[in-house]
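> pasting the sequence and the predicted coordinates here, then a few questions.
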Number of protein chains: 2
Amino acid sequence: MNNRRIVLAARPTGEAGLEHFRLETLETPPLADGQVLVRNHWLSLDPYMRMRMNAAKNYAAPVEVGEVMVGGTAGEIVQSRHADFAIGETVVCQGGWQECSVIDANVKGAIRKVDIARVPLAAHLGAVGMPGVTAWIGLDTIIEPKAGETVLVDAASGAVGGVVGQLAKERGCRTVGIAGGAAKCAYVRGELGFDACIDYHGKGFDALAAELDAAAPNGVDGLFENVGGLILDVVLSRMNAFGRIALCGMIAGYDGAPMPIRSPRVLLTQRLRLQGFIVTDHMPLWPAALKALGEGVAAGRIRYRETIAPGLQSAPEAFLGLLKGRNFGKQLVKLR
Amino acid sequence: MNNRRIVLAARPTGEAGLEHFRLETLETPPLADGQVLVRNHWLSLDPYMRMRMNAAKNYAAPVEVGEVMVGGTAGEIVQSRHADFAIGETVVCQGGWQECSVIDANVKGAIRKVDIARVPLAAHLGAVGMPGVTAWIGLDTIIEPKAGETVLVDAASGAVGGVVGQLAKERGCRTVGIAGGAAKCAYVRGELGFDACIDYHGKGFDALAAELDAAAPNGVDGLFENVGGLILDVVLSRMNAFGRIALCGMIAGYDGAPMPIRSPRVLLTQRLRLQGFIVTDHMPLWPAALKALGEGVAAGRIRYRETIAPGLQSAPEAFLGLLKGRNFGKQLVKLR
């Protein structure tokens, strides 16, 4: 079977661009015992992929030049040499940026079946997938919000941020989002039900701080941080004593821009707890999180929005747009 | 009874100086019911006092201009209108920078009796007092070191840092200190038993990082942070995955110098947990900590060193020296 895939063509030294990706067509190899072939319908694009393009070791090994870009996919089994997987079953796997993926189904966590009766297949890459679980774990195991507290999340209209706010609201919190542009902010307030949302576009520290004072008059108890840089500095300055920070992403610095925390003293004076985390470090929590998120989506209590790029060849441009905040909600590539 | 005291004469805008303190002599007032009069023998000087000189609210209210400077003292009861305290008993209290202190003994935590049979009175302001408890709480409740891990502490020859390293060694860790100057480093290694100590004087990021790589070849699992600034940046860059940071002080910035964390991304990529803490938030832990520390000092397992300034009038200069690292070990003022 012919397979189109996108590989890392070169490592970016600063900002990533289209020249760092290359589309290739190969024949899929025959399956070995225990493997399955997945025809991917959806590719998930996520900010963490930018870090994997760098040579520096992060929490996971970098993608090597010439290797297929990493990424979660959702699709169907089209060939199987594993007893637990039958042709036609719907699955989510680490399929990478390609149309067909050979997956070793014996590797723990490599592939899981998903039920599309009540939750659409693509949502298993979003609110009921890795981004939703990320929101759930950061909120419930790090921020541990109490009713009446104020929880802030930036990139609030995104795949992770939107779930954070809706879960925090369910837990009785005042929810404040930060997002880029009036349309996203209107969506965060109106559709996702946040109590307030601040548009960060074109604003410096003082303007953002003034808006935050209005949006969070009692200060911020829990911060779910996806962005870093200026936004983190502003929110830090408004954290209450014993506040908790779930450090999930720092997209502001993924292209190599300096991103200092300018006034870390507040971490001490307010006795803040900051915890960096990666969702794949917490595999034992996934089943409970996926169950709760699936029920929330099926019941309409957890809402989300998707931006869909058509065809594998559109993935690089969609990914670069994601890093700039040009997507609206979960960024997907439709492969079939 | 005549009482000499030192008050905050003016708030510093940048670096603190002698002009911000004023020595006064007043008559001690008559005691109200429930109060005791303490003749202070020792005044403890500690970095946190610098923050209390600023108008900005921190974890505690600022000292007002004209008010006596805050500080822990150790001394003896010379008058008492409280049934639990008798003349001649030795106590530790928040006596402030003065020779005699009127203490309301009914206020929880305002005063406690100390046993000087096996632990000298002054040590109840150091290794068996607030600094020692600070070390104990930061190490055992935040860093939670496991045998075989590497624990690093800066200001390692100081009242807190010295105890951190000795406790971490007891718990089976490799202990690395950072201190200013060859004499302090020799003391940290030879007398306190650290495995290694790095002299930070005159070194930039790269030189410090190279020394740290040699001193902590397996990286750093636990950081007890007293300093902030460049030293924090260097150690952060060498933290292992799932490392813990007990943020106890940021003395590098207490005079108002900018002190950014230049590369906070490591907090995310290494999934670090950073917790700011103040020892007085953890009063329920004090009795167990004081008991363990007292036994350690009495048995000679926990060692310490003191720098003693003679007479109340020497307190301001000694305090300014402490902020510059001119003290060696616990900085005390001998009042009697």
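Structure received. Numbers count the residues shown, from 1 in each chain, chains lettered A, B, ... in the order given.
> from here on, contacts and neighbour counts on C-alpha atoms
OK.
> so residue A:20 sits right up against residue A:12, yeah?
Yes. The pair residue A:20 / residue A:12 is scored as a contact, 6.5 Å apart, by C-alpha atoms under 8 Å.
> what is the neighbour count of residue A:190?
Residues lying near residue A:190 (other C-alpha atoms under 10 Å in any protein chain shown) number 13.
> distance of it from residue A:297?
As judged by C-alpha to C-alpha, to the nearest Å, residue A:190 and residue A:297 stand 17 Å apart.
> go on, residue A:122?
To residue A:297, residue A:122 is 12 Å away according to C-alpha to C-alpha.
> which one's more surrounded, the two?
Neighbours per residue (other C-alpha under 10 Å) separate residue A:122 from residue A:297, with residue A:122 holding more: 24 against 18.
> the more buried one belongs to a helix?
Yes. The assignment for residue A:122 (DSSP: H, G, I helix; E, B strand; the rest coil) places it in a helix.
> that one and residue A:42 touch, don't they?
Yes. Using C-alpha under 8 Å, residue A:122 is in contact with residue A:42, at 6.4 Å.
> show me whatever sits in contact with both of those two.
Residues touching both residue A:122 and residue A:42 (C-alpha atoms under 8 Å, 6 or more residues apart in numbering or on different chains): A:74, A:332.
> quick check: closest non-adjacent residue to the residue nearest the centre of chain A.
Central residue of chain A (C-alpha atoms, centre = their mean): residue A:131, 4.2 Å from the mean position. Once flanking residues are discounted, residue A:131 sits nearest to residue A:160: 4.9 Å by C-alpha to C-alpha, 6 or more residues apart in numbering or on different chains.
> OK, contacts around that neighbour?
A:126, A:127, A:131, A:132, A:134, A:135.
> now pLDDT and secondary structure too, for those, in a markdown table please.
Converted to a markdown table, these look like this (pLDDT from 0 to 100; DSSP: H, G, I helix; E, B strand; the rest coil):
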| residue | pLDDT | secondary structure |
| --- | --- | --- |
| A:126 | 98 | coil |
| A:127 | 98 | coil |
| A:131 | 97 | helix |
| A:132 | 98 | helix |
| A:134 | 98 | helix |
| A:135 | 98 | helix |
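> looking at those residues, which has the most residues close by?
residue A:127 (31 neighbours).
> residues contacting that one?
Per C-alpha under 8 Å, 6+ apart, neighbours of residue A:127: A:133, A:159, A:160, A:163, A:293, A:297, A:302, A:304.
> where along chain A do the helices fall?
All helices of chain A, identified by DSSP state H, fall at A:48-52, A:130-137, A:159-170, A:182-190, A:205-215, A:230-236, A:265-269, A:286-298, A:315-323.
> tell me the angle of the longest one relative to helix A:130-137?
If you take axes from the mean of the first three to the mean of the last three C-alpha atoms, to 10 degrees, helix A:286-298 sits at 110 degrees to helix A:130-137.
> tell me what helix A:286-298 is packed against?
Under the contact criterion of 3 or more C-alpha pairs under 8 Å, 6 or more residues apart in numbering or on different chains; DSSP states H and E, helix A:286-298 touches helix A:130-137.
> for whatever residue of the stretch 101-250 of chain A ends up closest to chain B, list each beta-bridge partner.
Nearest residue of the stretch 101-250 of chain A to chain B: residue A:247, at 6.2 Å (C-alpha to the nearest C-alpha). Under DSSP bridges, the beta-bridge partners of residue A:247 are residue A:225, residue A:276.
> that one reaches residue A:273, doesn't it?
No. When contacts are counted by C-alpha under 8 Å, residue A:247 is not listed as touching residue A:273 (10.2 Å).
> that older thread, pretty sure the residue nearest to the centre of chain A sits against residue A:159.
Yes. Judged on C-alpha under 8 Å, residue A:131 makes contact with residue A:159 at a distance of 5.9 Å.
> for residue A:56, give me the pLDDT.
What the model reports for residue A:56 is a pLDDT of 80.
> not counting its neighbours along the chain, what's nearest residue A:5?
Nearest one to residue A:5, counting by C-alpha to C-alpha, 6+ apart, is residue A:98 at 4.0 Å.
> quick check: residues of the stretch 201-336 of chain A near chain B?
Near chain B, the residues belonging to the stretch 201-336 of chain A are A:241, A:247-250, A:253, A:258-265, A:267-278 when assessed by C-alpha under 8 Å from any C-alpha of the partner chain.
> are any of those residues buried, and which?
With burial judged by 16 or more other C-alpha atoms under 10 Å in any protein chain shown, the buried subset of these is A:241, A:247-250, A:253, A:259-265, A:267-278.
> residues contacting residue A:9?
Here residue A:9 is in contact with A:19, A:20, A:21, A:22, A:65, A:66 (criterion: C-alpha under 8 Å, 6+ apart).
> measure the fourth one to residue A:96 for me?
Between residue A:22 and residue A:96 the computed distance is 14 Å (C-alpha to C-alpha).
> what about these two, which has more around it?
residue A:96 (22 against 17).
> how many other residues sit next to residue A:58?
Each residue near residue A:58 was counted by other C-alpha under 10 Å, and the total is 16.
> residue A:305 against residue A:328, yeah?
Yes. Here residue A:305 reaches residue A:328: they are 7.0 Å apart, a contact under C-alpha under 8 Å.
> quick one: stretch A:79-92 to chain centroid distance?
Distance of stretch A:79-92 from the chain centroid (C-alpha atoms, centre = their mean, to the nearest Å) equals 26 Å.
> please disregard the earlier target; I meant stretch A:310-326.
A distance of 14 Å separates the C-alpha centroid of stretch A:310-326 from that of its chain, computed with C-alpha atoms, centre = their mean.
> got it, and stretch A:45-55?
That offset, for stretch A:45-55, works out to 11 Å (C-alpha atoms, centre = their mean).
> over to stretch A:180-187?
19 Å.
> may I have the beta-bridge partners of the residue nearest to residue A:79 when sequence neighbours are not counted?
Distance criterion C-alpha to C-alpha, 6+ apart; nearest residue to residue A:79, sequence neighbours excluded, is residue A:37 at 4.9 Å. Residue A:37 forms beta bridges with residue A:79, residue A:102, as assigned by DSSP bridges.
> separation between residue A:37 and residue A:87?
Taken as C-alpha to C-alpha, the span from residue A:37 to residue A:87 is 9 Å.
> these two: who's more crowded?
Neighbours were counted for residue A:37 and for residue A:87 using other C-alpha under 10 Å; residue A:37 has more, 24 against 14.
> the more buried one contacts residue A:78, correct?
Yes. Counting by C-alpha under 8 Å, residue A:37 sits close enough to residue A:78 to count as a contact (5.7 Å).
> picking that back up, tell me which of the contacts of residue A:9 is nearest to chain B?
Nearest to chain B among the contacts of residue A:9, counting by C-alpha to the nearest C-alpha, is residue A:65 at 21.1 Å.
> test my guess that that closest one contacts residue A:8.
Yes. Residue A:65 is within contact range of residue A:8, at 5.1 Å (criterion: C-alpha under 8 Å).
> which one of those two has more residues nearby?
Here residue A:65 and residue A:8 are compared on neighbour count by other C-alpha under 10 Å; more neighbours surround residue A:8, at 20 against 17.
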